[in-house]
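> okay, here's the prediction I keep looking at, along with the sequence it came from:
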Amino acid sequence: MKGKLWFVLLLPVLVAAAAVRAQNPADAAYCNYLIEQAQAQSDLLRTPTASGGLTQSETGLPTQLVGGASLGLSSLRKAGLTMEAARRNCDLYKTTSSAQLAIQYATAHLEKDALNNRLALIDQASRQLDALMEKTRSMLAEQNATRLMLFTLQTTKIKLDADRADTQLKIAGIYSPPLSDTPLKQLVNEKQANEVAEQQALDKLNRQNNWDVALQVGVHQQVNPVAYTPQPYGAFSVSYNLAGSAIDRHLDRAASAYGDWKKVEEGDVVRNLEVLRQQVADAIAAQNSKLNDLAREQQEIENNLSAVASPDTSAAVDFNNQLTAAMLLVRVETGDATFRVTTLKEFLARNF
């Protein structure tokens, strides 16, 4: 029982530690910068301002030494709103960077998966071709085949090996960092929601400039001639900007205009998401067109293979081998295009 209780108490700590480890270092560094800046501003706003000095009244009264402190209610309010604005900015930065990263590397991630699948298709075709070449070598040893027949298969083998090397080179040239499993549409929606929240927080902070309730307290003492008993004093003031209502309306419109701007900004994630959607749709159309061409080629090869299904001459065997080798190449291309279409459609359905 004690062991279970210990685990339950420790579980939140473990979860929090895992969340910290999973956080993007750039996000953590930027948010730490924001929070420290906001904390400094907050401390400045919530701390009373001390003042002191000498004053000489124009009415001829004796010189006085004055010291005191003042604090405005608006400043106290701004201190909390400054921290809230910083937290909202941090949330916006994290969701924006996550969405940008996922959109930026989406095509690279898809391409890398497709190339890895192509490697598997090439390896499968190579194994089948190796078996056919071994059979042809046996026939050559028995003088039932010619070296030209074997050379034809070797030419196909060279093409597959070159294709493998080229595919491996392309994979090596693609950088694809670990991406979030969250659908892109959700990442963008979270980013837009955080943009609204950040603008609302800034709106509230800016509204505090329209009014203030200030309290000032302190003491003053006559200097010449010296008065031995300091006299306390206090002041209370209320201020309001007469253009406050108009200012608030402009702030609300600015927040709304900011959201509209982000939706059409060429470099923003909302616009980039739409660009990516169109790219994926175009890629699906291109791969479908390729599949149609490959289907016709495959059908023609299959028809010819049927004509020499049971070759009884060396020429027929040679023709059968050539057709089989061509079929292996076509199957690699067909499998590659089919995988790409399937993957792209799944990506489109999940993220849009």
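Sure thing, it's come through.

> got the buried residues for the host helix or strand of residue 332?
Using DSSP states H and E, residue 332 maps to helix 314-351. Going by neighbour count (16 or more other Cβ atoms under 10 Å), the buried part of helix 314-351 is 317-341, 343-344, 347, 351. Glycine gets a C-beta too; all of them are placed from N, C-alpha and C.

> where along the chain do the helices fall?
In the chain, the helices defined using DSSP state H lie at 2-22, 25-46, 73-104, 106-141, 147-172, 184-207, 244-264, 269-307, 314-351.

> how about the ones you listed in TSV, adding distance to residue 230 and mean pLDDT?
Listed next are the helices of the chain as TSV, based on distance: least, Cβ to Cβ, whole Å; pLDDT from 0 to 100:
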stretch	distance to residue 230	mean pLDDT
helix 2-22	53	40
helix 25-46	27	90
helix 73-104	27	91
helix 106-141	72	93
helix 147-172	80	92
helix 184-207	38	90
helix 244-264	39	80
helix 269-307	62	94
helix 314-351	72	93
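
> possible to save these as TSV with distance to residue 215?
Formatted as TSV, these follow (distance: least, Cβ to Cβ, whole Å):
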stretch	distance to residue 215
helix 2-22	41
helix 25-46	14
helix 73-104	8
helix 106-141	57
helix 147-172	69
helix 184-207	21
helix 244-264	21
helix 269-307	46
helix 314-351	56
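
> neighbours of residue 293, how many?
By the criterion of other Cβ atoms under 10 Å, residue 293 has 11 neighbours.

> nearest spatial neighbour of residue 325, skipping sequence neighbours?
Sequence neighbours aside, residue 156 is the residue nearest to residue 325 in space, at 4.0 Å (criterion: Cβ to Cβ, 6 or more residues apart in numbering).

> can you name the residues that contact residue 335?
Listed by Cβ atoms under 8 Å, 6 or more residues apart in numbering, the contact set of residue 335 reads 117, 118, 121.

> which of those residues has the most neighbours?
residue 118 (24 neighbours).

> how far away is that residue from residue 63?
From residue 118 across to residue 63, the span is 91 Å (Cβ to Cβ, to the nearest Å).

> hang on, the earlier thing: figure out which of the helices of the chain is closest to residue 233.
helix 73-104 (19.7 Å; Cβ to Cβ).

> who does that closest one touch, helix- and strand-wise?
Packing contacts for helix 73-104, counted by 3 or more Cβ pairs under 8 Å, 6 or more residues apart in numbering; DSSP states H and E, involve helix 25-46, helix 184-207, strand 211-222, helix 269-307.

> compare the ones you listed and report which one is nearest to residue 110.
Closest among the helices and strands packed on helix 73-104, once you apply Cβ to Cβ, is helix 269-307, at 8.1 Å.

> now the closest one and helix 73-104, what's the angle there?
Here the directions of helix 269-307 and helix 73-104 differ by 10 degrees (axes from the mean of the first three to the mean of the last three Cα atoms, to 10 degrees).

> ok, the closest residue to residue 118 other than its chain neighbours - contacts?
Leaving aside its chain neighbours, residue 118 sits nearest to residue 336 (4.8 Å; criterion: Cβ to Cβ, 6+ apart). Neighbouring residues of residue 336 by Cβ under 8 Å, 6+ apart: 114, 117, 118, 121.

> tabulate the helices and strands packed on helix 73-104 (JSON lines), appending distance to residue 313.
Putting the helices and strands packed on helix 73-104 into JSON lines (distance: least, Cβ to Cβ, whole Å) gives the following:
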{"stretch": "helix 25-46", "distance to residue 313": "69"}
{"stretch": "helix 184-207", "distance to residue 313": "59"}
{"stretch": "strand 211-222", "distance to residue 313": "102"}
{"stretch": "helix 269-307", "distance to residue 313": "13"}
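
> quick one, which of the ones you listed is packed in tightest?
Sort those by mean neighbour count, taking mean count of other Cβ atoms under 10 Å, and helix 184-207 sits at the top with a mean of 18.
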